[in-house]
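# output the structure for:
(chains A, B, C and D)
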4 protein chains.
Amino acid sequence: MNFRSDNTAPCAPEIMTAINAANEGRALSYGADEWTKRLDQRFSTLFEREARVFPVISGTAANAIALASAVPAWGAIYCHREAHIERDELGAPEFYTGGGKLALIDGAMAKLDAETLQEAVRAGMRDEHTVRPAAISISQTTERGGVYAPHEVRAIASVARANKLVLHMDGARFANAVAALHCTATQAVADVDLLSFGATKNGAMGAEAIVCFDATHAEKIAIWRKRGGHLISKSRFVAAQLLAYLEDDLWLRLATRSNTLAKRLAGAAAPILSHTVETNQVFIKPGVEGLARLRAAGADFYDWGDEGSGEARLVVAWSHTEPEIDAMCAALASLC
Amino acid sequence: MNFRSDNTAPCAPEIMTAINAANEGRALSYGADEWTKRLDQRFSTLFEREARVFPVISGTAANAIALASAVPAWGAIYCHREAHIERDELGAPEFYTGGGKLALIDGAMAKLDAETLQEAVRAGMRDEHTVRPAAISISQTTERGGVYAPHEVRAIASVARANKLVLHMDGARFANAVAALHCTATQAVADVDLLSFGATKNGAMGAEAIVCFDATHAEKIAIWRKRGGHLISKSRFVAAQLLAYLEDDLWLRLATRSNTLAKRLAGAAAPILSHTVETNQVFIKPGVEGLARLRAAGADFYDWGDEGSGEARLVVAWSHTEPEIDAMCAALASLC
Amino acid sequence: MNFRSDNTAPCAPEIMTAINAANEGRALSYGADEWTKRLDQRFSTLFEREARVFPVISGTAANAIALASAVPAWGAIYCHREAHIERDELGAPEFYTGGGKLALIDGAMAKLDAETLQEAVRAGMRDEHTVRPAAISISQTTERGGVYAPHEVRAIASVARANKLVLHMDGARFANAVAALHCTATQAVADVDLLSFGATKNGAMGAEAIVCFDATHAEKIAIWRKRGGHLISKSRFVAAQLLAYLEDDLWLRLATRSNTLAKRLAGAAAPILSHTVETNQVFIKPGVEGLARLRAAGADFYDWGDEGSGEARLVVAWSHTEPEIDAMCAALASLC
Amino acid sequence: MNFRSDNTAPCAPEIMTAINAANEGRALSYGADEWTKRLDQRFSTLFEREARVFPVISGTAANAIALASAVPAWGAIYCHREAHIERDELGAPEFYTGGGKLALIDGAMAKLDAETLQEAVRAGMRDEHTVRPAAISISQTTERGGVYAPHEVRAIASVARANKLVLHMDGARFANAVAALHCTATQAVADVDLLSFGATKNGAMGAEAIVCFDATHAEKIAIWRKRGGHLISKSRFVAAQLLAYLEDDLWLRLATRSNTLAKRLAGAAAPILSHTVETNQVFIKPGVEGLARLRAAGADFYDWGDEGSGEARLVVAWSHTEPEIDAMCAALASLC
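Numbering: from 1, shown residues only, chains lettered A, B, ... in the order given. All right, here's what the predicted structure looks like:
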């Protein structure tokens, strides 16, 4: 019963097939191949506005490169205190921006609230002796499995516009958000400027895309991608993954599946849930002893929150089987 | 007749098979999987000394991360003027080291000569107002297709030792060097400290390895890999490529093939060669018009050297077919 | 009635005399002069332990260089949310460290509490995906005019030792702290590793010193000082200021004077004080209207805290005259 | 007989007087004082075009901040191989630009030639895999004491314009160049974008100015100056030096004196000069033994060029006395 993370899952068969199919003959390197060249159009269609797409192989790279293209070294990036860019990237955003600063904000479900955000940004605009507010970064879904409803993204985008900040979205689990919101991709991004579009956690082998909606950042993205060592030589194999991922709504089908299975875990664990389950991440707080019992029952997962908090995170992947879920439901139920 | 680069070739079937085989069930992420965990042992065996191995997906990443782990921000890295790290990585070494400096040295076939190197290093050790010599980086094979004989690498390693410099080797085409030298991998690295071991250009889909022979650098490599966004989530798929690449000497068989085919091109182009052909890169200088005729005959390749120099580079890949080589030989012969 | 800052004051006559005296004949540049060479001994005597001293001309430079010498690019520096390094240096610590992160902690009077600090550091020691706790930085006096009693510095130093962190002290107003604590310089630093010793705000023309108590950092301080453009060509003029500053306890006499005058302001403003006055900074909160009346009465000062908070900071300098203080006392009293 | 450098000289009396005069009463800090506020106007008059002026305390700071304001992290700065920014600043330009690259060019008297420069820049404009030519930096006077005639600066400026590069001038010894050229300040800068205007080597205590002729860079200069720790708290004391330096052509009188005295040394050393003496630096090459004899005669100076080259640099300062020059002439003559 492995619920550590969705990135322990294999590559979805449809994507594997696409990779194998791409392995035919020669193809220009560094993104000049036919697969990569189709990405701009494909994502522009998906998001119903012109997009420039830059495939990379990790979410950390997507986030750091996107931010470096839009934030000066003396800029502040407003994000949630639990944001992946703050806690899980070993300072990649600070590295790529040349020493930018993350300004941390609290909020339930790891979500930013537009009002709190506006207040923080205003407070950050002080004088010539301090860093300049430059960007906002939100996660869709958040690190607590929460989603921003379209009107919430728009409210945050308004704060960005009003203060001339760039709006970045970490979409490592973007599919799960769209599936949960029952909205379009377009609605789920609202007018975000830069999106880190993740596929790896939801069935790809290793494929993320920096989706750039504001063309003024595109040249710098290309530069930082190369300078960071992320311009992929045989780019076709990553682009083929992204194309297959979007084909026939595969991405939504996979995400819908893991969201649905997560809801079942949530049902079984209702009394010990940390908070509502909106996507494929389930946070439970059965106490330290409860977690020990869960592990004894064969479950594998990460502890969450402060040390000794007795909280844990369970992540459902596209590849979880019904029996695995059944078994985990039983184990969870026995804790309640 | 595509001779642009070896990275336009597809992935070798043996490696593709390994990737598909790795796509079974769950595997821990970020390198804790069974494939990645075998790499240290596998490369230690290959190089006959203890090695720590860090897979990444680009040669630029391998080089920059290796150098950042061993060179301080105020350090100088001695390398050839035509080195890939100087000319083709958009300043990735400077970026990762935090503003290090490349000290450029000339030499035939893009090779460094130990004596010239020693002189340059000594001249660089001046006073407290200048950057400190910190590392030497050589390419095996070089950007001109040259190889360092084992005694040449040892001579350069002596310079490194004598001056307390770290010795890095850019092995983007390491296999071609070993195949050409008819020596062991161990002999071809001599006592290099850090090796960027390339597989992508010689049949992999996208797999390079930072091979660390001096354990004191290992922790920093791990840090910079993560901080640079190069810690791969589903690492098994990259590790599987590297394992298959070494299996049954596949790497040497592929490299031997491209080296051999390149020799045939060299034979056909003898009068217009820029210099000796040692590996799978062929440099010709038929003049601007000659190059135009070659292109008119259907050949695709990069111009080389200064603009209008009339020089070009032809790179043979593992996947070139006999008829392709025959055709190219004919086209080349017609220029002579 | 100018109470904006202590750095609007002129240079104390004793220091001006020393500067003029230093302007005799030739002196070696870049710190090889006789004045600069006396600093190590002079500060070692003052602090009763071996110290290496590096004069610079701004507190921001002292802080950033000290931190860069001890904190890796992937390190976290624990400091108060209102610390000068966080709010008033435009990201200089992030710049010099190559993208380090400031981890912010709350606490009354802008002071860190050892227990809260220990908890924060422990929470920051998570896994390989996050930045590494590397240093603690405290201000003596704090940005709220508070002082750490010797036992409080020792308690924080214990946290540093226990967690293998470097302890830095921003002593921009170190003299005011020592004067207020009625202790020795040695007691006021406890076993801090690196001290930014300020003189400019307390009577110098422009002189700060990085005092390095842990010799392992000295070489890097020298490097970062040069690399940052802070190695002073005619160093004698800065060193002469520092020597005069310490001569005959001038530094303590000046600081005692401004502390004492500040106490008088505090007395006059007792009902509207934000908090206790310990040194030469007085924080009042008479409301927005009260501040307007104070300005109308001819007072000049900075608003403090959040916009519209109705709070202000008054800083007393060594050069304030009795009549100036009397006038300000009257103006303050009229608000109460 | 100390001819090590012009920065071992004291501060000129006129400037010392100005510093003392500035020490009256309170003055706003961080450049809001009356002295600093006069600089823009004063330098605009001097250079006959609108200038923004940013005082700093070291030439390295002036150079690095000027370059960082105009060159992106992925930019190349074309300069002479012997340029101060390349050899004597411990990588400050690389540090401030975030990892920029210096592209080195050879040329007699440490001067760049417009044609060679144009060729190098063109060769540097290759493809997306390499750094982008971004700036040219020349020294007026050069590190070999050479000067660029106005038409030479204009020719280089044309190269800059044609290639959309920023033109920076390191004017650490700008006064000596203007004095030698018998031209105006305006003519000596031609249409340079950014000038590091030095005063310290020619009589100031510690005062350099970044003179910004292209307003688009001004905001970034302000940011990098602060972020680098170079915004001076009691700025009046530096500004007062710069104002006094320009008053009544003091700067030209001092430079003319040292140039003239250097000519006398040149006369005495004619047979052993390395090359023509144009300003206050004299390069001699009497051989290793000759230098030893010169030292035995009581002369102090730096060896120059490669180790064991038998070459040395003698620098005349504004404060050298006639007897000192007479003595040195005699010592030099005895070598010829």
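# what helices or strands is the longest strand along chain A leaning on?
For chain A, the strand reaching the highest residue count under DSSP state E is reported as strand A:132-139. Under the contact criterion of 3 or more Cβ pairs under 8 Å, 6 or more residues apart in numbering or on different chains; DSSP states H and E, the helices and strands touching strand A:132-139 comprise helix A:59-70, strand A:75-80, helix A:114-124, helix A:150-162, strand A:166-171. The C-beta positions use only the backbone N, C-alpha and C, and glycine is treated the same way.
# tell me what angle it forms with helix A:59-70.
Interaxial angle, strand A:132-139 versus helix A:59-70 (axes from the mean of the first three to the mean of the last three Cα atoms, to 10 degrees): 150 degrees.
# what's in contact with strand A:132-139?
Contact with strand A:132-139 is made by A:63, A:67, A:70-72, A:74-80, A:83-85, A:100, A:103, A:110-112, A:117, A:121, A:124-125, A:148, A:153, A:156, A:159-160, A:163, A:165-172, as judged by Cβ atoms under 8 Å, 6 or more residues apart in numbering or on different chains.
# and for the residue of chain A found nearest chain D, the neighbour number?
Relative to chain D, the nearest point of chain A is residue A:98 (4.3 Å; Cβ to the nearest Cβ). Other residues near residue A:98 number 24, with proximity taken as other Cβ atoms under 10 Å in any protein chain shown.
# could I get the contacting residues of residue A:81?
Contact analysis of residue A:81 by Cβ under 8 Å, 6+ apart lists A:104-106.
# and stretch A:170-181, does that touch chain B?
No: contact between stretch A:170-181 and chain B is absent, the nearest approach being 9.7 Å (criterion: Cβ under 8 Å from any Cβ of the partner chain).
# for residue A:229, find the nearest of the helices and strands packed on strand A:132-139.
The minimum distance between residue A:229 and those falls on helix A:59-70, with 8.8 Å, by Cβ to Cβ.
# by how many degrees do the closest one and strand A:75-80 diverge?
Using the same axes, to 10 degrees, the interaxial angle of helix A:59-70 with respect to strand A:75-80 works out to 140 degrees.
# for helix A:59-70, name the packing helices and strands.
Secondary-structure packing of helix A:59-70 (3+ Cβ pairs under 8 Å, 6+ apart): strand A:52-56, helix A:84-87, helix A:92-97, strand A:132-139, strand A:166-171, strand A:194-198, strand A:208-212, helix A:218-227.
# now tell me what touches the last one from outside.
Applying Cβ under 8 Å, 6+ apart, the contact partners of helix A:218-227 are A:52, A:54, A:56, A:61, A:64-66, A:68-70, A:96, A:210, A:212, A:231, B:60, B:89-92, B:95, D:73-74, D:128-129.
# and the residue of the stretch 201-336 of chain A nearest chain B?
For the stretch 201-336 of chain A and chain B, the shortest gap (Cβ to the nearest Cβ) falls at residue A:229, measuring 3.1 Å.
# nearest spatial neighbour of that residue, skipping sequence neighbours?
Spatial nearest neighbour of residue A:229, chain neighbours left out: residue B:61 (3.1 Å); criterion: Cβ to Cβ, 6 or more residues apart in numbering or on different chains.
# cool, and residue A:54?
Spatial nearest neighbour of residue A:54, excluding adjacent residues (Cβ to Cβ, 6+ apart): residue A:210 at 4.2 Å.
# and the one you found, what does it touch?
Residue A:210 makes contact with A:53-56, A:62, A:65-66, A:194-197, A:221, A:225, according to Cβ under 8 Å, 6+ apart.
# buried subset of these?
Burial by neighbour count, 16 or more other Cβ atoms under 10 Å in any protein chain shown: within the contacts of residue A:210 this picks out A:53-56, A:62, A:65-66, A:194-197, A:221, A:225.
# which one of those is nearest to residue B:23?
Each of these was scored against residue B:23 by Cβ to Cβ, and residue A:55 proved nearest at 19.8 Å.
# spatially nearest residue to the residue nearest the centre of chain A (excluding sequence neighbours)?
For chain A, the residue nearest the mean C-alpha position is residue A:172 (1.8 Å; Cα atoms, centre = their mean). Among residues not flanking residue A:172 along the chain, residue A:198 sits closest, at 4.0 Å (Cβ to Cβ, 6+ apart).
# number of nearby residues for residue A:285?
17.
# does it touch residue A:308 like I think?
No: because the distance of 11.9 Å does not satisfy Cβ atoms under 8 Å, residue A:285 is recorded as not touching residue A:308.
# got the residues of chain A near chain C?
A:73-74, A:87-91, A:94-95, A:97-102, A:104, A:122-123, A:126, A:128-131, A:306-307.
# pLDDT at the residue nearest to the centre of chain A, what is it?
pLDDT recorded at residue A:172 is 97.
# so how far is chain C from it?
Using Cβ to the nearest Cβ, to the nearest Å, we find residue A:172 at a distance of 13 Å from chain C.
# from memory that residue sits against residue A:195, does it?
No: under the criterion of Cβ under 8 Å, residue A:172 makes no contact with residue A:195, lying 10.6 Å away.
# tell me the contacts of the residue nearest to residue A:172?
Counting by Cβ under 8 Å, 6+ apart, residue A:198 makes contact with A:59, A:62, A:171-175, A:208.
# most widely separated two among those residues?
Put simply, by Cβ to Cβ the two of the contacts of residue A:198 set farthest apart are A:62 and A:175, 14.5 Å from each other.
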